[in-house]
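A.B. asks: coordinates only, no sequence provided:
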């Protein structure tokens, strides 16, 4: 996505009449008439108005609908590639702490799990679990239709998986240098070992956290605080052992390429369930709830 679109200090007021019907929307119009932009008045506030964040989120999503398919696909491939660094870091920690007690191993994995996500999001590449919510806000605001939403989801997901396969291949090529083969095997086998419902529930929680992370990025000042927000939500995914569809895809593909007891049907099953869970967690528990409670709270009575 465009780097400027991630800057929460850059508030874009939509053309839709929906905004004018909210109390916050009327405040913005009044402030604009007096040449005092709302974002200037609120720069130093510790908390930004929820409706301001929602308007920025809607326009953030709209930017992706306006992009060409090739541009969106290439950015999505880049995101899948970058998450290979998370898979490499987790596998390396798995080898380094393999003899440690389970809690120490999980903490070690969680500490490095955010690496790929921080690079991915700060580099403004397109990650599917961001778009489970970001792409939904314009649809909820009736700015785009369901087919356009499916188009964005499909392009981003395909690009992420293409990048994940390529990244896993690179990890397999570099394995003699990295020396984390056993880590890839253990992580891959762990991913595919769960039944449908535990895996779905785990993926819902992971999708929920990732979509919350995207919301926090829009709600916080640039750079350092955004990186902290990304680290917090992805650390929570790591410490909980939750299932992220794209990062998990890289780990599963790496285990296959290295030869670790994970096969393609098992990987496909895991990825399919994880995608469904991430989609539910991001779209329902973040996008729909955020949009509904903010719009309802801000409706001007009468």
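C.D. replies: Nice, thanks for sending it over. Bear in mind that the values here come from a model prediction, so they are computed numbers and not experimental data.
A.B. asks: use CA for all of it now, contacts and neighbours both
C.D. replies: Noted.
A.B. asks: isn't residue 257 up against residue 170?
C.D. replies: No - if you go by C-alpha atoms under 8 Å, residue 257 and residue 170 don't touch, sitting 9.7 Å apart.
A.B. asks: max-length helix in the protein?
C.D. replies: helix 146-173 (DSSP state H).
A.B. asks: of residue 257 and residue 170, who's got more company?
C.D. replies: residue 257 (19 against 15; other C-alpha atoms under 10 Å).
A.B. asks: helix or strand: which one has the more buried one?
C.D. replies: Assigned by DSSP states H and E, residue 257 belongs to helix 245-258.
A.B. asks: cool, and residue 234?
C.D. replies: Using DSSP H and E, the element containing residue 234 is helix 224-240.
A.B. asks: state the mean pLDDT of the helix holding residue 257.
C.D. replies: Helix 245-258 comes out with an average pLDDT of 98.
A.B. asks: where does pLDDT dip in the stretch 51-200 of the chain?
C.D. replies: Of all residues in the stretch 51-200 of the chain, none has pLDDT under 70.
A.B. asks: run through the helices of it in chain order.
C.D. replies: For the stretch 51-200 of the chain, the helices defined by DSSP state H, counting those that start in this stretch cover 69-82, 84-96, 102-112, 114-122, 128-134, 136-140, 146-173, 175-178, 181-191, 196-219.
A.B. asks: middle-most residue in this protein, spatially?
C.D. replies: Nearest to the mean C-alpha position of the chain, by C-alpha atoms, centre = their mean, lies residue 130 at 3.1 Å.
A.B. asks: surely that one touches residue 206?
C.D. replies: No - here residue 130 does not reach residue 206: they are 11.1 Å apart, not a contact under C-alpha under 8 Å.
A.B. asks: OK, contacts around residue 119?
C.D. replies: For residue 119, the contact set (C-alpha atoms under 8 Å, 6 or more residues apart in numbering) comprises residue 82.
A.B. asks: that one and residue 78, how far apart?
C.D. replies: 11 Å (C-alpha to C-alpha, to the nearest Å).
A.B. asks: over to residue 214?
C.D. replies: For residue 214 relative to residue 78 (C-alpha to C-alpha), the value is 18 Å.
A.B. asks: try residue 216
C.D. replies: 22 Å.
A.B. asks: and if you look at residue 65?
C.D. replies: 18 Å.
A.B. asks: low-confidence regions, the stretch 201-302 of the chain specifically.
C.D. replies: In the stretch 201-302 of the chain, residues with pLDDT under 70: 298-302.
A.B. asks: before we move on, the earlier item: OK, contacts around the residue nearest to the centre of the chain?
C.D. replies: Contacts of residue 130 by C-alpha under 8 Å, 6+ apart are 210-211, 214, 282.
A.B. asks: again, 7 Å this time
C.D. replies: Applying C-alpha atoms under 7 Å, 6 or more residues apart in numbering to residue 130 gives the contacts 210-211, 214.
A.B. asks: which of residue 65 and residue 78 has more neighbours?
C.D. replies: residue 78 (23 against 18).
A.B. asks: which residues touch the more buried one?
C.D. replies: Contacts of residue 78 by C-alpha under 7 Å, 6+ apart are 125, 163.
A.B. asks: change it to 8 Å
C.D. replies: 120, 125-126, 159-160, 163.
A.B. asks: what's the answer for residue 260, then?
C.D. replies: Contacts of residue 260 (C-alpha under 8 Å, 6+ apart): 182, 184-186, 188-189.
A.B. asks: so which of the residues you listed comes closest to residue 233?
C.D. replies: Lowest distance from residue 233 to these (C-alpha to C-alpha) belongs to residue 188, with 21.9 Å.
A.B. asks: what's the closest non-adjacent residue to that closest one?
C.D. replies: residue 252 (4.7 Å; C-alpha to C-alpha, 6 or more residues apart in numbering).
A.B. asks: count the residues that sit near that neighbour.
C.D. replies: 33.
A.B. asks: just the one 3 residues further on next, same as before
C.D. replies: Residue 255 is flanked by 27 other residues according to other C-alpha under 10 Å.
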